[in-house]
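Undergrad: only geometry, no sequence info:
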């Protein structure tokens, strides 16, 4: 007798899980460059472009974050940090390249000038967004009635590698032949001193 109510309860639980999963927001974030790996010199500002795809509802970006010790991240697409307002409807894809001059892209990272070459900051960029059943650009939009979910999160792996100034690489490369010649001359002097 108890088996039937347990089966009904188990079936009801499974059905509710399936309904929640069916309503889960489906969006994806890809960074540009692919893999999110950036390179910059101490004191430089680098940044990410992005492609954002939305499969359901109206996606409204609420911000981005990338907190690492080698510099300072600035959000370029959140509502309080940007001149742009991005709303993606069902099936929409939006791409944007990074431009420091135009302040476009997902975000920028100012590398601390005191950072040493060879240091690498790795982590994840977090994009947060809210989802609505009606576009916020629609005159009939009601943020309370049309809300599906808030605080949704997308993440993408990202890194910033600190590299030497191009001029210092050229200087090092031009000094290498002189260093090799000096080392060979020093070895010859050492052998000559040892022989006699």
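TA: Thanks, I have it. All values reported here derive from a predicted model rather than from experimental measurement. Numbering: from 1, shown residues only.
Undergrad: Roughly how far does residue 117 sit from residue 192?
TA: When C-beta to C-beta, to the nearest Å is applied, the distance between residue 117 and residue 192 equals 38 Å. The way it works is simple: take the backbone N, C-alpha and C, and place the C-beta from them, glycine included.
Undergrad: So between the two, which is more surrounded?
TA: Of the pair residue 117 and residue 192, residue 117 is the one with more neighbours under other C-beta atoms under 10 Å, namely 13 against 9.
Undergrad: So the more buried one: helix, strand or coil?
TA: Secondary structure state of residue 117, per DSSP: H, G, I helix; E, B strand; the rest coil, is coil.
Undergrad: So the one residue sitting closest to the centre of the chain, which state does it fall into?
TA: The central residue of the chain, meaning the one whose C-alpha is nearest the mean C-alpha position (C-alpha atoms, centre = their mean), is residue 125 at 3.7 Å. Secondary structure for residue 125, judged by three-state DSSP, is strand.
Undergrad: show me what contacts it?
TA: With contact taken as C-beta atoms under 8 Å, 6 or more residues apart in numbering, residue 125 is in contact with 29, 31, 36, 48, 64-66, 106-107, 155-156, 158.
Undergrad: Which residues does it form beta bridges with?
TA: Taking DSSP bridges as the rule, residue 125 bridges to residue 156.
Undergrad: per-residue pLDDT, it?
TA: The score at residue 125 is 95. That number is its pLDDT.
Undergrad: cool, and residue 80?
TA: pLDDT recorded at residue 80 is 70.
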